[in-house]
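Undergrad: Quick one, structure for this:
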Amino acid sequence: LSDSGFEKGDQGHISETFAEIHLSVINISEKMKMELKRFNYVTPTNYLELVKGYLQLLKEKRLELGSQKSKLSNGLKKLEDSREQVENMRG
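TA: Next comes the predicted model:
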């Protein structure tokens, strides 16, 4: 998470959340094994996949938001230009 752009405190909270999610999956898997006699293996690789998936989604959403921000900024600039043109036409 050090490359995510979050501050250290936020990184810690996110890491804690991932660990909690991973542990809850382990607990539910144990419960499923006891009640349903079905095995669901939870490995450290699953944890790493969770982190990778989160970072990929974060990257995609940041790009998406950057694009939306750019469109909004361009739209506001065009509105301001139009307002100035209308003011000039009025005299």
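Undergrad: Now for the spatially most central residue of the chain: which residues touch it?
TA: Nearest to the mean C-alpha position of the chain, by Cα atoms, centre = their mean, lies L58 at 3.5 Å. Counting by Cβ atoms under 8 Å, 6 or more residues apart in numbering, L58 touches S4. (Each C-beta comes from the backbone N, C-alpha and C, glycine too.)
Undergrad: quick one: pLDDT of it?
TA: L58 carries a pLDDT score of 94 in this model.
Undergrad: can you check E20 too?
TA: E20 is given a pLDDT of 96.
Undergrad: ok, now how distant is it from N74?
TA: 41 Å (Cβ to Cβ, to the nearest Å).
Undergrad: Could you do E7 as well?
TA: Distance, E7 to N74, by Cβ to Cβ: 30 Å.
Undergrad: Repeat that for S82.
TA: Relative to N74, and taking Cβ to Cβ, S82 is found at 13 Å.
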